[in-house]
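1. here is the input, now give the coordinates:
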Amino acid sequence: MPKNKGKGGKNRKRGKNEADDEKRELVFKEDGQEYAQVARMLGNGRCEAQCIDGTKRLCHIRGKMHKKVWIAAGDIVLVGLRDYQDDKADVILKYMNDEARLLKAYGEIPDNVRLNEGVVDEEDAAAHDDYIQFEDEDIDKI
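-> Numbers count the residues shown, from 1 in each chain. As a prediction, the model looks like this:
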């Protein structure tokens, strides 16, 4: 029989979930950082995010957050911009729902950003806007 040489099993690696209850201080963006909304998760610690400045960037989730902070589509995150690559960024912080609402109330995030929802693709949004109602007379002419 092999001896267990580790310090514990799966439950030890999970750790205690104490950080959820306590309130943390709201972190605002600094220069070289931007707010973004996650458009979709790509896997391998990466995601595609729509930044508030209008640019869609490929974001890398930093190692400190990887497997500890779960990020889903529609979440508001703080990304660090890269000096040498404008189309890539690094996820620094994920905002909780109440923090995202506070950022919107302070005017840091524009009002057109939808919170607490998955991101709607441009094609789906356009499909709802292009509703055309035809009259019976129009059909007879065709």
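2. how far away from the center of its chain is the top helix by length along the chain?
-> Secondary structure of the chain per DSSP state H: the longest helix is helix 97-106. Distance of helix 97-106 from its chain centroid, counting by C-alpha atoms, centre = their mean, to the nearest Å, is 14 Å.
3. need the residues that contact that helix.
-> The contact list for helix 97-106 (C-beta atoms under 8 Å, 6 or more residues apart in numbering) reads 26, 35, 76, 95, 109, 111, 113, 115-116. Quick note: C-beta positions are derived from backbone N, CA and C, even for glycine.
4. let's go with 10 Å and repeat that
-> Here helix 97-106 makes contact (C-beta atoms under 10 Å, 6 or more residues apart in numbering) with 23-29, 35, 37, 74-78, 93-96, 108-111, 113, 115-116.
5. what does stretch 44-51 give?
-> Outside stretch 44-51, the residues within contact range by C-beta under 10 Å, 6+ apart are 34-42, 55-63, 65-67, 71-73, 75-77, 79, 81, 88-89, 91, 113, 119.
6. buried set for that stretch?
-> Buried residues in stretch 44-51, counted by 16 or more other C-beta atoms under 10 Å: 45, 47-51.
7. show me what the residue positioned nearest the centre of the chain is bridged to.
-> Note on the chain: the residue nearest the mean C-alpha position is residue 38, at 2.7 Å, using C-alpha atoms, centre = their mean. Beta-bridge partners of residue 38, counted by DSSP bridges, are residue 49.
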